[in-house]
Every structure is written in structure tokens, then in C-alpha cells.
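Student: Fold the following for me, if possible:
(chains A and B)
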Amino acid sequence: MRKELKAPKNKKKKNINSLRKKGERGKRISCVFLSPSILGVLVFFVVPFLVVIYYSVVDNPINHSFVFLDNFRNVFNNGAFRQAAANTMKFSLIAVPLAVVLALGLALLLDSKIPFRSQFRTFFLTPMMVPIASIVLIWQVLFHYNGMVNDVIGLFGAGKIDWLKSDYAQIVIIVLFLWKNLGYNMILFMAALSSIPKDILEVAVLESAKPRQIFFYIKLRYLSSTLLFVTIMSLINSFKVFREIYLLTGSYPYNTLYMMQHFMNNTFGSLDYQKLSAAAIMMSIVMVILIGILFLTENYFGKDVEG
Amino acid sequence: MTFRKSVLKGTGTALSDRVFIKKKKKKKRRTFEKRAMATIIAAFFAILFLMPIILTVTNSFMSASEISSNYGQVFSTTDTGGKTYISEKVNLKFIPDIVSFSQYITVLLKSPDYLFKFWNSVILVVPIVGFQLLVAALASYGFTRYRGRLKEIIFFVYIILMLMPYQVTLVPNYLVSGWLNIIDTRWAIWLPGIFSPFAVYLLTKFMRRIPVSVIEAAQIDGAGEWQIFRRICMPLCKGCMCSIAILIFIDYWNMVEQPLILLSDEAMHPLSVFLSKINAGEIGLAFAVATIYMVPTLLVFLYGEDYLVEGITYQGGIKG
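Tutor: Predicted coordinates for the structure are as follows:
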């Protein structure tokens, strides 16, 4: 009896052992797969970033004396930095939610079985492929002091506005941002909408749920991880809008358009590495916190739905 | 009255049925109205979205004099030089008076500068797209197979790095380029681009969706890691790879900051930088160059749009 019982146990153990060996070998091999990327990322992003941290706490690259938080204090008290940080924050806070909500709206619109769906989808994606320089040209034609928009407004008796040099400048850029990014966001949402299990929606309709209830209690739950993804992508793209602003208005634009990136670029131009490093680190801390919050909320809202 | 008669006669449908049918008809009409409204709204947005592109293309066929009479007002004032008012108002025209190829002739034949810049763009972008995909494919396979805590941490670092705006990575980039002595060479743009974590993130998210059973089955059949990667993962990821390639291509095709900072030699600048420096007198040329510049993107797009959508389809609803 004993022998009979023991024998299979041993066998099992052996099996597990051999599997583990295989697993370890596999692990090593998978590290080989990872190595080029990790090496590259280490060399080009991580190590230099550590150096940047070092730069941010010493007084200058020649002296190397430790000043702790002085650089941060200097940057924080810098008027241009404050302006830039406030503008960037304001822009992201307005533009990113708008891009998410409007794209979701468009996706729902196209989801409601209208004709020419695939054509519309293509049309909405086209702004992605227009070269930035030509977007800038057209935006100038539209929003210049003597531009189209002023002409149209003029028909209704409103006065001319120099859009890019007024308090409305940020609106112009937000419109530009939305125009460019809505299409991609919309496609992400359309994909997610089509992957919601149909039977759940049908049951909801049978139980006479109102469209609004279906949207809030079912669709939104299933969309939560896509919402996170779209928000992250929009956030990344909201920083990229600097290219357009830069090409439209140069290094020193109107006050409300002066972004973090302008500050960084201009500081880089003046070779002030300390200031730049401190600003870069502050910006990345804010980003990490922001992303952490996003991931936590997504975990909280999407935990009972299988992605 | 009429329905009462018919009910009395026993011919017509019963009252409750009639109400039901009426309701149904009403509902049908309402959904039709809704759909029509949705179409109109979508069409309205579509026109808004398409307008700038159509404008660029059609205006590139206008003669120089027509361009300057249309837009002279806008661009002469952006010039710091003498202001020459040609027209009182900006004339946004979609259809040229006379279709002229003069802009294209100038761009393609008379000034070889533009073609050089175009070639620069190609040289800068194509290797980045190709090698970033290669590195990312390998890495995401590594991230997907045998997940461990250390790998999860590394992956999280990748996500954070991916989300850093370029201006934060600007200094690190510049420092490394300095150490490696590659500033003012194309390597300074190629290398950080190739190792950018963006593609790794997207591809890993996609690869994690491949059922483990598929890979296990291959393993039982005696396939090694490389074979699994090459013969099973890669074919499954084709659509996703294409969509990522399009995204990377568009992103780098439009890069402005990197070349401006890392390449001081203007002869190496891509067209995207050059286009942004076109001055007032050459507005017509700008439209023509922009149109030419759009062609590769358009081709990539037309060829890969289905992949883009397909690749994204799996992306939606995946957890990190």
C-alpha cells in the first residue's frame, strides 16, 4: 500500500521539478528577448534621467556642490515657470476631458447604425495624417486677424479679434487639439463598444432598461479600461500640441499659450541645466501622480467587469 | 368612430392591437428620425474634419498670383518686412480659378532643396519605425512570457517613460547623445527613437491577450521559444504591429523638436522642420510641399487603415 501511494507522488514531484527547470530556462530566454529593449531604455532614458536628478540637486556642473532643494525653489519661484505650469495644467484639464467625452459621443453616434459608417470613420481619422506644418498654415488662414473666422463673425456684427494673440488663444488651440485627436479616440471607443457582450445589452432591453440606464450601468462599466487608455493617449497628445503652438507662434507666444514645453525649450536654449532638470523632475512627479490616480480609479470602477 | 364600427363588425383589429401597432409605428418613425439626425450630425463633423485637407490639396493647384491675392493679407503681416496689402480680405477658396501646376514644377524641378528634405525625412523615419517595431516585438514577448514581479515593475517604468512628454526626456537625450558623441549625426535621432517604449507598451498589451493555451500547445509540440515567437506570436500580432507602425510613422514624420535640437546642420533637417520655416512669399509652395508631404502618410494610411482599426479593436478593453 505504502509503496503504491508513494510512487505516483514521486513521479509528480519529478514532473514539477522538470517543469520548473524548463520554466527557469524559459525565463532566462525571455530575458534574452527583453535585453535589447531594456539595454536601450537604460542607456537612453533611465541612466540619463538619474543624472538629471543629480543635476537638479547640485549648484552647477563644474562645482558639483550639493544644494538640495534650492534649484526646485528657484524654479518654483520663477514667474515664467508658474505661468507655463498653470497654462499647461489648464489646457490639459479642459482639452483632455473634452477629447474623451466628445469622442465617446461621436462613437455612440456612429454606433447607432447610420449609413456610410466606415466612410465617416475614415473621414474622422484624416486629421491624423495632415502634416503639422500644413495644419498650421490653415489655422493661420482661419484665425488670423484678417482671417476667415473673423470674416464670418463680422457677418454677425462682431468685432475683429486677433485670435492667437488674445485671451481666446487657448480656445483656438483646444479646437486644434480636438480636431486632431477626436478621430483616433473615437475609433478606440468604437472598438470597445463593439466588444461589449451583446446578450447583456439584449437582456437589459428585455428588462425595459432605458437607453440612459444601459449607457451608465452597462456600457460605461465595460468601457472603463478603454476610458483609461484613451485618457492616457489624450494626455500624451495634449503635450504634443506644443509642436503646433510653437510653429504657430514661436518661442514666446501670447501669455495664455506659454506652455511647460516653451519653458523647457527656452531654458534649454539658455543652457541652464539646473533649472531645466528641476523643472523636468517636477513635471515627471506630477505625471506619475496623475497616472497613479488614473490607474487607481480604473481599478476601482472596473474591478467587477472582466476586461 | 370608424374603429368602433369595424370592431362591431368584427373586421378591424382590436383596440389594444391598434394602439400597439400605432406605438410601434411611432417608435419606428422615431428611430428613423434619430438615425437621420445622427447622420446629419456625423456628416457635419465629417465636413469640418475634412475641410483643412481639401483646402491644402486644392490650393496647391493654384497659381502663385491667385494664392497671393487670396491669402496675401494674412501672410504679408506675419512677415516682419514691408506690409503689402494685396487684398482687403482673406479669400478662402476651394476651387482654383485655373488649375496650375506651377507650384509643383517649382518644388519638384526648380528647387531641389525640397526633394533633399523629403529624402532626409525618409532616412530619419523609416529606420526608426522598422527597428522600434523589431525591438518592441522581442521585448513584448519577453514581457508576456513568464511574468514575474521584477518584470511588472520594469513594465511600469516603461509606461511612465512612455508618458513623459518629450521636453522631460530632452535633457537625458541630449546628455546621452553628448556622451556617445553622436550630436549632429542622425544617430542622435535614430537611437532614442528605436528604443522608445511606446511600441513596447502597446504590443505587450496586445500580446497578453493571446491565449496561453495556444503557446502551451506549441510548446508540447516541441517548439522552442524562438519558434513560438517567430511562428505563433508574430503572425498573430500582424494587425497590431501594422497599427503601431502607422502611429509611430505619423508621429516621427511630423517631428520638429528633435531635429531642431539635435541636428544643428540644416542640410540634415527633415521636411517637417523646413516646412515650418517657409516664409510669406512662398505660401503657394507651402501648400504644394504639404500635399507632397501628405502622400506617404496617405499611402500608409490607405494601405493600413483596416489594420489600424483591427489592431485597435483588440487594444480596447485590455488591462495594463
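
Student: Now for B:I194, how many residues are close by?
Tutor: Counted with other C-beta atoms under 10 Å in any protein chain shown, residues neighbouring B:I194 total 23. All C-beta spots, glycine's among them, are computed from the backbone N, C-alpha and C.

Student: Just the element for residue 105, please.
Tutor: In the absence of a named chain, this looks at chain A. Here A:G105 sits within helix A:79-111, counting by DSSP states H and E.

Student: ah, I was thinking of chain B
Tutor: Using DSSP H and E, B:I105 sits within helix B:102-105.

Student: helices or strands up against that helix?
Tutor: Counting contacts by 3 or more C-beta pairs under 8 Å, 6 or more residues apart in numbering or on different chains; DSSP states H and E, helix B:102-105 packs against helix B:283-315.

Student: where does the helix it packs on sit relative to the chain's centre, distance-wise?
Tutor: Computed by C-alpha atoms, centre = their mean, to the nearest Å, the separation of helix B:283-315 from the middle of its chain amounts to 7 Å.

Student: Enumerate every residue touching residue 164.
Tutor: As the question left the chain open, I've gone with chain A. A:143-144, A:172, A:248-249, A:253-254, A:257 (C-beta atoms under 8 Å, 6 or more residues apart in numbering or on different chains).

Student: wrong one, chain B
Tutor: A:284, A:287.

Student: how much space is there between it and B:T58?
Tutor: B:M164 is 39 Å from B:T58, where distance means C-beta to C-beta, to the nearest Å.

Student: got the buried residues for the helix holding B:I105?
Tutor: B:102-104 (16 or more other C-beta atoms under 10 Å in any protein chain shown).

Student: And the next helix or strand past the lowest-mean-pLDDT helix or strand in chain A?
Tutor: The weakest-scoring helix or strand in chain A, judged by mean pLDDT, DSSP states H and E, is helix A:2-41 (a mean of 65). Following helix A:2-41 in sequence order, the next helix or strand is helix A:47-57 (DSSP H and E).

Student: Counting by contacts, list what that following helix packs against.
Tutor: Other elements packing on helix A:47-57 under the criterion 3+ C-beta pairs under 8 Å, 6+ apart are helix A:70-76, helix A:273-302, helix B:166-179.

Student: And for the residue nearest to A:M190 when sequence neighbours are not counted, the neighbour number?
Tutor: Spatially, and ignoring its direct neighbours in sequence, A:M190 is nearest to A:A107 (4.7 Å; C-beta to C-beta, 6 or more residues apart in numbering or on different chains). For A:A107, the count of nearby residues is 25 (other C-beta under 10 Å).

Student: Let me see the contact set for A:A107.
Tutor: A:186-187, A:189-190, A:193.

Student: how about 10 Å then?
Tutor: A:121, A:124, A:182, A:185-194, A:223, A:226, A:230 (C-beta atoms under 10 Å, 6 or more residues apart in numbering or on different chains).

Student: Check the gap between it and B:S111 for me.
Tutor: Relative to B:S111, A:A107 is positioned 44 Å away (C-beta to C-beta).

Student: With A:T126 instead?
Tutor: Distance, A:T126 to B:S111, by C-beta to C-beta: 28 Å.

Student: Between those two, point out the one with more neighbours.
Tutor: A:T126 (19 against 12).

Student: got a pLDDT number for the more buried one?
Tutor: A:T126 carries a pLDDT value of 84.

Student: Ok, the one 10 residues further on next?
Tutor: The confidence metric pLDDT takes the value 80 at A:V136.

Student: Next, it: secondary structure please.
Tutor: Classification of A:V136 by DSSP: H, G, I helix; E, B strand; the rest coil places it in helix.

Student: In the helix holding A:G105, which residues are buried?
Tutor: A:81, A:83-85, A:87-88, A:91-92, A:95-96, A:98-100, A:102-104, A:106-110.

Student: Stretch B:41-60 now?
Tutor: Buried residues in stretch B:41-60, counted by 16+ other C-beta under 10 Å: B:42, B:45-46, B:49, B:52-53, B:55-60.

Student: Let me see the mean pLDDT of stretch A:161-179.
Tutor: Average pLDDT, stretch A:161-179: 84.

Student: how much space between the residue nearest to A:M190 and chain B?
Tutor: If you measure A:A107 against chain B using C-beta to the nearest C-beta, to the nearest Å, the figure is 10 Å.

Student: Ok, A:F33 next?
Tutor: 4 Å.

Student: Hmm, B:L55 and B:F61 touching each other?
Tutor: No. B:F61 lies out of contact with B:L55 (C-beta atoms under 10 Å); the separation is 11.5 Å.

Student: Give the intersection of the neighbour lists for these two.
Tutor: Common contacts of B:F61 and B:L55, defined by C-beta under 10 Å, 6+ apart, comprise B:F287.

Student: Could you dump the buried residues of stretch B:41-60 into JSON lines and include pLDDT and secondary structure?
Tutor: Listed next are the buried residues of stretch B:41-60 as JSON lines, based on pLDDT from 0 to 100; DSSP: H, G, I helix; E, B strand; the rest coil:
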{"residue": "B:A42", "pLDDT": "85", "secondary structure": "helix"}
{"residue": "B:F45", "pLDDT": "85", "secondary structure": "helix"}
{"residue": "B:A46", "pLDDT": "86", "secondary structure": "helix"}
{"residue": "B:F49", "pLDDT": "86", "secondary structure": "helix"}
{"residue": "B:P52", "pLDDT": "82", "secondary structure": "helix"}
{"residue": "B:I53", "pLDDT": "83", "secondary structure": "helix"}
{"residue": "B:L55", "pLDDT": "82", "secondary structure": "helix"}
{"residue": "B:T56", "pLDDT": "82", "secondary structure": "helix"}
{"residue": "B:V57", "pLDDT": "84", "secondary structure": "helix"}
{"residue": "B:T58", "pLDDT": "84", "secondary structure": "helix"}
{"residue": "B:N59", "pLDDT": "81", "secondary structure": "helix"}
{"residue": "B:S60", "pLDDT": "82", "secondary structure": "coil"}
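
Student: Against chain A, which of those make the cut? List them.
Tutor: Under the cut-off given by C-beta under 10 Å from any C-beta of the partner chain, chain A has B:42, B:45-46, B:49, B:52-53, B:55-57, B:59-60 from those close to it.

Student: just for the stretch 201-320 of chain B, where's the confidence low?
Tutor: Within the stretch 201-320 of chain B, the set of residues satisfying pLDDT under 70 comprises B:278-282, B:309-320.

Student: Mind jotting down where the strands sit in it?
Tutor: Counting by DSSP state E, counting those that start in this stretch, one finds no strands in the stretch 201-320 of chain B.

Student: Chain A - how does it break down into domains?
Tutor: Under the assignment automatic domain parsing, the domains of chain A span A:1-56, A:79-306.

Student: ok, residue 143 - contacts?
Tutor: All of this is about chain A. Going by C-beta under 10 Å, 6+ apart, A:F143 touches A:149-150, A:161-164, A:166, A:168-169, A:171-173, A:175-176, A:248, B:74.

Student: um, chain B though
Tutor: Applying C-beta under 10 Å, 6+ apart to B:F143 gives the contacts A:30, A:33-34, A:37, B:136, B:151-152, B:154-155, B:158, B:200-201, B:203-205, B:207-208.

Student: same check, this time on B:G148
Tutor: Contact analysis of B:G148 by C-beta under 10 Å, 6+ apart lists A:27, A:30, B:154.

Student: just the buried members of these?
Tutor: So, by 16+ other C-beta under 10 Å, the buried ones in the contacts of B:G148 are A:30, B:154.

Student: any idea which of the contacts of B:G148 is closest to A:L42?
Tutor: Closest approach to A:L42 among those (C-beta to C-beta): B:I154, at 10.1 Å.

Student: Against B:R147, how distant is the closest residue to the closest one other than its chain neighbours?
Tutor: If you skip the residues right next to it in sequence, B:I154 has A:I38 as its closest partner in space, 6.8 Å away by C-beta to C-beta, 6+ apart. Between A:I38 and B:R147 the computed distance is 15 Å (C-beta to C-beta).
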